[in-house]
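> what's the 3D shape of this:
(one chain, ligands or ions: 1)
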Amino acid sequence: MFKKILIANRGEVALRIIRACHQLNIATVAVYAQVEQTSLFVQQADEAYCIGPNTAQSSYLNREAILMAALLSGADAVHPGYGFLAEDALFAKMCAECGLTFIGPQPATIALLADKAAAKTYAHKQGVPVIPGGSALKDEAALRQTAAYLGYPVMLKASFGGGGKGMRVLSSEHELRHQYHLIQEEARQAFLNDAVYLEKYLTSARHIEVQVLQDQAGHLQLLGDRECSLQRNHQKVVEESPAAILTTAERAKLYQLARQLMSGLDYVGLGTLEFLFAEHQFYFLEMNTRLQVEHAVTEMTTGMDLVVTQIEVAAGQLIKSGTKTFKGHAIEVRLNAQAEGGLLATGKLETFRLFTGARVDTGYQEGDQILPYYDALVAKILVKQPTRKKAIEKLQRCLQHVQIKGIGTNLATLTQIMALPNYQANLVDIHFLAHLAGDAQ
Ligand code: ADP
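Here you go, the predicted model:
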């Protein structure tokens, strides 16, 4: 087992990893941007190193500085959390070259799956349905031809996009001509690669995913499913486990597709296979080769500690193949710092009290600043109950007790969602929140 793990991340997930390390008796090293020196995760780590100024680019994405801290501290492994360098094949490779275990799959596997167009081609080869659309296309003429073949509306996506960024819905050839270069430029800047591909835009679908874990000997565990259809700007806001809409036969089909996808991969660690589910069909969307924000709903229904298990598997521990049984229904809501129009709100958390009786995962405490440099997540609030109906009722009670002042949040929207008859009846799709907010699409 590892003796010391460096956490290449911040906030909520850094604290989550510290908790798992405590349980395993592993020392922790935090790295932080200047402005986060007094943050909870820095305080709670055994050691901490400043890795640069405040922007993500110069701190949490600064591979060399992070590796320097890892080597200086004598860490033997690096946990990337989610976001930042979690799916960066180069960082995983650099860790290996420095003699550090990167807690995640091999660099080549990360590289294959980080390219969404290539991942779709792989899925198709494995006999798994994908959303109709082409592989990465080089010029506008080819895109126009593919779009005409697919029929508008289509989605133009950056092959290396992530976090809901780098995708645009196009409803006509005119829009395609107009948006193509913009998206390409956006992708070049944000993801350092301007490859794009087209997909049929699904006007009604659900986002359903499977949590998987595989050890070094190829033993595969399926750890249940989640529904994450409630999204704003293609980012998840409410996540549930299990996906209550699925019939037994549909779930069996989903798990069979998950096995087909995993069977051709040389994969070690935790991962999530994401699908869109439309007209009772699953379409592979992408695989995330890391811990997900919403892993905790799976923890609540399976009783497992996914981060502890992830670390154990990275250290070479073997698991038994199989499908984990789950019990009850868990819901997570993401309390985000949010201003008008869904933009990030910044400022001081004057009041921040979550005496809610729920599981709360947060990186903040009262008096902290929400900074403009990072993401909007303030806290994840989670409940588990025997049924979905009871879980919603409990979450409604918990949300009533949240006291948060000083910054704008989406608390009112979360409360509103829980009270909506269509949400309660599970009549949702990936466009549900956009309609609720009156967004353009
Ligand atoms: P990211 O890697 O940025 O999370 P994904 O490809 O996983 O991007 O897609 C994020 C979300 O965007 C999906 O959950 C879904 O709601 C929406 N989306 C993606 N592709 C399509 C599509 N072809 N049609 C409709 N919605 C889509």
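> can you say which helix or strand has Leu382 in it?
Here Leu382, judged by DSSP states H and E, is contained in strand 377-385.
> return the set of buried residues in the helix or strand following that strand.
Proceeding N to C from strand 377-385, the next assigned helix or strand is helix 388-400, under DSSP H and E. Across helix 388-400, burial judged by 16 or more other CB atoms under 10 Å covers Arg388, Ala391, Ile392, Lys394, Leu395, Gln396, Cys398, Leu399. For the C-beta atoms, the positions are set from N, CA and C on the backbone; glycine is no exception.
> avg pLDDT for the biggest strand by length in the chain?
Looking across the chain with DSSP state E, the single longest strand is strand 220-232. Averaging pLDDT along strand 220-232 gives 97.
> counting contacts, what elements does that strand pack onto?
strand 206-214, strand 235-241, helix 248-263, helix 295-302, strand 322-323, helix 432-437 (3 or more CB pairs under 8 Å, 6 or more residues apart in numbering; DSSP states H and E).
> show the pLDDT at Lys389.
pLDDT, Lys389: 98.
> kindly report the same for Ala440.
For Ala440, the predicted pLDDT is 61.
> if we can go back for a sec, closest to Ser204 among the buried residues of helix 388-400?
Using CB to CB, Arg388 comes nearest to Ser204 of these, at 20.8 Å.
> can you list the buried residues in the strand holding Leu382?
Leu377, Val378, Ala379, Lys380, Ile381, Leu382, Val383, Lys384, Gln385.
> okay, these in a markdown table with pLDDT next?
Shown next, in a markdown table, are the buried residues of strand 377-385 (pLDDT from 0 to 100):
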| residue | pLDDT |
| --- | --- |
| Leu377 | 97 |
| Val378 | 98 |
| Ala379 | 98 |
| Lys380 | 98 |
| Ile381 | 98 |
| Leu382 | 98 |
| Val383 | 98 |
| Lys384 | 98 |
| Gln385 | 98 |
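> with respect to the ligand, which of those residues is nearest?
Distance ranking of the buried residues of strand 377-385 against the ligand, using CB to the nearest ligand atom, places Leu377 first at 14.6 Å.
> beta partners for the closest one?
Asn336 (DSSP bridges).
> any idea how far Ala136 is from it?
31 Å (CB to CB, to the nearest Å).
> quick revisit: which one of the helices and strands packed on strand 220-232 lies closest to the ligand?
When those are compared by CB to the nearest ligand atom, strand 206-214 sits nearest the ligand, at 3.9 Å.
> on contacts alone, who are the packing partners of that closest one?
Using 3+ CB pairs under 8 Å, 6+ apart: strand 206-214 touches strand 220-232, helix 248-263, strand 269-278, helix 306-314.
> ranges for the strands of the stretch 1-150 of the chain?
Using DSSP state E, counting those that start in this stretch, the strands of the stretch 1-150 of the chain run over 4-7, 27-33, 47-52, 77-79, 101-102.
> Throw these into a markdown table and include mean pLDDT, thanks.
Listed next are the strands of the stretch 1-150 of the chain as a markdown table, based on pLDDT from 0 to 100:
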| stretch | mean pLDDT |
| --- | --- |
| strand 4-7 | 98 |
| strand 27-33 | 98 |
| strand 47-52 | 98 |
| strand 77-79 | 98 |
| strand 101-102 | 98 |
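> turn those into TSV, columns for distance to the ligand and mean neighbour count.
Below are the strands of the stretch 1-150 of the chain laid out as TSV (distance: least, CB to the nearest ligand atom, whole Å; neighbours: other CB atoms under 10 Å):
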stretch	distance to the ligand	mean neighbour count
strand 4-7	23	26
strand 27-33	24	25
strand 47-52	26	19
strand 77-79	21	28
strand 101-102	20	22
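> Asp361: which of these is closest?
strand 4-7 (14.7 Å).
> sheet partners, orientation included, of that closest one?
Here strand 4-7 is paired, per DSSP bridges, with strand 27-33 (parallel), strand 77-79 (parallel).
> and the contacts of the first one?
So that's strand 27-33. 3-8, 10, 14, 17-18, 21-22, 39, 41-42, 44-56, 58-60, 65-66, 69-70, 73, 75, 373 (CB atoms under 8 Å, 6 or more residues apart in numbering).
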